[in-house]
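Engineer: Quick one, structure for this:
(one chain, ligands or ions: 1)
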Amino acid sequence: MRSNSTPMLYRILAQTETIDIEAKTSRAMTERDAIEAAKKHVLHPETVAAGGYRPFVIRPMGTEHQWKYGHINYCPRCGTYIGDEMGDPEDEIANDDQEFECPECYAHVYVNIFRTPEEADEDD
Ligand SMILES: [Zn+2]
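Structural biologist: Numbers count the residues shown, from 1 in each chain. This is a model prediction of the structure:
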């Protein structure tokens, strides 16, 4: 099992009322160093002092329809949200089977979400 002292690349997420902040460490570091790097380089001291950051992060998971039908929401390699590129949420069309190049990490991948528990429940 991995300990949090194992150097890794980290994604740093923060959110205020008005903006989302997303950063990646450019080299592997320990979890503790990643937290220090975020405090030093990502979070603005005045916003921190004013309590302007939310103590949690919100990540999209698609519409209820997309979730139920296994819409591809994230790159399996880097974790970037790609749900909108896999299909317009307004169209209510779930795209569960796609070969694509990730717009963030440029990996060429094939994803096929065969079945979700929500879909299976409906069939019972
Ligand atoms: Zn990716």
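Engineer: Run through the residues that contact the residue nearest to residue 53 when sequence neighbours are not counted.
Structural biologist: Distance criterion C-beta to C-beta, 6 or more residues apart in numbering; nearest residue to residue 53, sequence neighbours excluded, is residue 14 at 5.3 Å. All C-beta spots, glycine's among them, are computed from the backbone N, C-alpha and C. By C-beta atoms under 8 Å, 6 or more residues apart in numbering, the contact list for residue 14 reads 20, 21, 38, 42, 43, 53, 54, 57.
Engineer: could you flag which of those residues are buried?
Structural biologist: 21, 38, 43, 53 (16 or more other C-beta atoms under 10 Å).
Engineer: Now intersect the residues you listed with the strands, please.
Structural biologist: Secondary structure defined by DSSP state E assigns residue 21 of the buried ones among the contacts of residue 14 to strands.
Engineer: Pick out the lowest-pLDDT one from the contacts of residue 14.
Structural biologist: Lowest pLDDT within the contacts of residue 14 is found at residue 57 (85).
Engineer: Shouldn't that one be within a helix?
Structural biologist: No. Applying DSSP: H, G, I helix; E, B strand; the rest coil, one finds residue 57 to be coil, outside a helix.
Engineer: My understanding was that it contacts residue 11; is that so?
Structural biologist: No. Contact criterion C-beta atoms under 8 Å: residue 57 and residue 11 do not qualify, at 10.0 Å.
Engineer: need the helices for the chain, in chain order.
Structural biologist: 31-37, 45-49, 64-68, 83-86, 117-123 (DSSP state H).
Engineer: Touching, residue 61 and residue 71? I think so.
Structural biologist: No. Counting by C-beta under 8 Å, residue 61 does not reach residue 71; the two are 9.1 Å apart.
Engineer: Now do the shared contacts for these two.
Structural biologist: residue 83.
Engineer: Which one's more surrounded, the two?
Structural biologist: Comparing residue 61 with residue 71 by other C-beta atoms under 10 Å, the one with more neighbours is residue 71, at 23 against 13.
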